[in-house]
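Undergrad: here are the coordinates; sequence isn't available:
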């Protein structure tokens with residue numbers, strides 16, 4: 001059973017009072033008997049000296065009247081309650097208050113008794129021992145009896161004795177008195193101690209309850225301040241501390257919420273580690289970037305990432321006062337590249353306490369850089385071929401001996417052909433640039449997809465007839481119109497159909513279909529041509545070049561569809577044909 005603070009205080013004070021009373025009782029027990037013995041001894045010395053005056057003349061008489069001395073000893077013993085013994089100088093007992101005269105001769109010589117020898121030496125002597133004469137413990141005090149000066153001859157000794165059981169009785173009476181007084185004091189003080197414990201433990205218990213509730217997050221409770229003295233000051237200080245703690249906690253909670261919101265909405269991954277490289281914080285982005293579990297906190301960077309370059313970056317940051325940056329590659333199902341910046345966190349004393357690392361995913365940028373490099377290389381190659389052809393033919397025409405008219409005409413027709421190819425390539429590049437820079441403004445209206453497809457098929461009918469190809473529209477009449485720029489939509493459909501007719505062998509077929517799906521219109525263009533082995537790349541560039549293609553048609557399709565808020569994807573099998581899909585918002 002757990003005692004309350006009030007009962008602890010009460011029992012403590014009661015125990016203290018009991019200990020104090022026991023201490024008083026022990027002190028009386030230890031000091032009272034010796035004190036009484038000293039007092040009785042002092043009184044016995046006084047009584048012995050009075051007896052010396054009574055027996056001085058009688059001991060000086062010759063011969064000594066033993067009967068008279070014994071009678072006087074009896075009278076003194078009766079009056080004082082003491083045992084009185086009178087001895088001559090040689091230790092012979094001539095008077096005993098407890099013996100008749102006829103028995104005095106039977107008493108042994110007392111000259112060697114301790115108190116007698118001390119009286120002979122110092123004039124006064126005392127001793128405690130068991131008396132064989134009366135069979136009890138006695139306190140003896142003896143004084144010497146001398147003749148008047150100048151002779152000062154030793155005449156004898158007067159000894160008085162008191163039974164020690166009277167001292168025990170006196171001590172017992174005092175002990176009983178002290179016990180009764182202690183009991184009365186205890187009974188009187190117990191209610192006062194209970195009130196005192198309640199008075200001072202109540203506010204302290206209230207402060208304890210307040211501290212418990214504040215620790216649990218309840219800052220509405222207050223400690224009682226109507227207590228006087230230090231407890232009142234403590235209660236006031238606790239209340240002020242509670243208010244300040246609530247304010248600080250609200251500020252910290254707000255700051256933590258802001259920090260968590262900031263970290264959660266950051267597109268960069270943020271990782272915080274301590275000086276031992278154990279993870280203390282990882283935002284949602286870095287968890288997604290590296291597929292980290294919730295239990296990653298507390299693990300080391302090596303355990304979580306298994307990346308020696310990242311560990312080296314953290315070590316450099318711990319040893320440096322500047323921000324350290326490094327490009328890190330992580331190999332998983334797909335290679336990902338990050339631009340990592342690490343800065344050291346330091347305590348008040350300047351010692352490093354950890355490192356914060358910010359990961360910026362530049363995988364897409366790296367991919368775009370590679371695509372740009374390849375695109376530039378491809379465009380340069382596409383431009384170099386017609387330019388080389390034009391340059392060669394022009395140089396031939398400018399020769400000192402130009403060819404004949406028929407050959408010249410043929411050369412000029414070839415130059416015109418490659419010029420048109422250059423013009424188409426430049427127009428496609430300008431279209432892509434305009435779309436990528438978002439400078440192209442779309443004139444969005446409700447456009448009938450079925451009607452626009454019919455227009456494009458009509459434009460390509462002659463080319464399809466020349467290759468004995470079948471181009472069919474399977475778009476149902478209930479397909480809703482799309483929200484699009486009619487001119488750009490025509491460009492998308494023309495590029496897809498033109499590619500299908502251009503690259504599909506003679507006798508092939510092209511089918512276009514459409515359906516409503518998830519609030520959008522999904523368009524599908526299928527052919528049985530040579531196929532592609534990468535998105536937006538031709539299967540046979542040499543053959544494509546012969547057919548007059550620039551290789552940029554699908555890229556233009558992608559940018560136009562994305563500008564409308566749609567998606568583009570393709571499915572293809574080599575030598576079995578391709579299927580191109582794109583979506584547009586429903587009008």
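TA: It's in. Quantities reported herein were computed from a predicted structural model and do not represent experimental measurements.

Undergrad: neighbours around residue 509, how many?
TA: Residues lying near residue 509 (other C-beta atoms under 10 Å) number 16. The C-beta positions use only the backbone N, C-alpha and C, and glycine is treated the same way.

Undergrad: what do you get for residue 168?
TA: 13.

Undergrad: which residue packs closest to residue 190, ignoring adjacent ones?
TA: residue 14 (6.7 Å; C-beta to C-beta, 6 or more residues apart in numbering).

Undergrad: Hmm, that neighbour is touching residue 191, no?
TA: No. Applying C-beta atoms under 8 Å as the test, residue 14 and residue 191 come out as separate, 11.1 Å apart.

Undergrad: between the two, who's got more neighbours?
TA: Comparing residue 14 with residue 191 by neighbour count (other C-beta under 10 Å), the higher total belongs to residue 14, at 16 against 9.

Undergrad: Tell me how far the helix or strand encompassing the more buried one lies from the chain's centre.
TA: Element membership of residue 14, judged by DSSP states H and E, is helix 5-60. Chain-centre distance of helix 5-60: 65 Å, with C-alpha atoms, centre = their mean, to the nearest Å.

Undergrad: Check stretch 101-115 too.
TA: 94 Å.

Undergrad: just checking, residue 29 touches residue 174?
TA: No. Proximity of residue 29 to residue 174 does not meet the contact threshold set by C-beta under 8 Å, at 9.3 Å.

Undergrad: Return the helix or strand in the chain with minimum mean pLDDT.
TA: helix 541-546 (a mean of 45; mean pLDDT, DSSP states H and E).

Undergrad: And residue 508, how far from residue 483?
TA: Applying C-beta to C-beta, to the nearest Å, the value for residue 508 to residue 483 is 33 Å.

Undergrad: Could you do residue 50 as well?
TA: 141 Å.

Undergrad: got it, and residue 587?
TA: 4 Å.

Undergrad: the more surrounded of those two?
TA: Applying other C-beta under 10 Å to residue 587 and residue 483 shows that residue 483 carries more neighbours, namely 18 against 15.

Undergrad: what does the helix or strand that contains that one rub up against?
TA: Assessed by DSSP H and E, residue 483 sits inside strand 482-485. Contacts with strand 482-485, where a contact means C-beta atoms under 8 Å, 6 or more residues apart in numbering, come from 442-447, 449, 489, 521, 564, 584-587.

Undergrad: same for the helix or strand following it, what does it pack against?
TA: Next helix or strand after strand 482-485 toward the C-terminus (DSSP H and E): helix 486-503. If you count contacts as 3 or more C-beta pairs under 8 Å, 6 or more residues apart in numbering; DSSP states H and E, helix 486-503 packs onto strand 444-447, helix 449-459, strand 470-473, strand 509-517, strand 520-527, helix 541-546, helix 553-563, strand 577-585.

Undergrad: Low-confidence regions, the stretch 251-400 of the chain specifically.
TA: 378, 381-382 (pLDDT under 70).

Undergrad: Equivalent analysis for the stretch 101-250 of the chain, please.
TA: Using pLDDT under 70, the flagged stretches of the stretch 101-250 of the chain are 133-135, 167, 197-202, 225-229.

Undergrad: which residues of it fall in strands?
TA: Assigned by DSSP state E, counting those that start in this stretch, the stretch 101-250 of the chain shows strands spanning 124-130, 137-146, 154-163.
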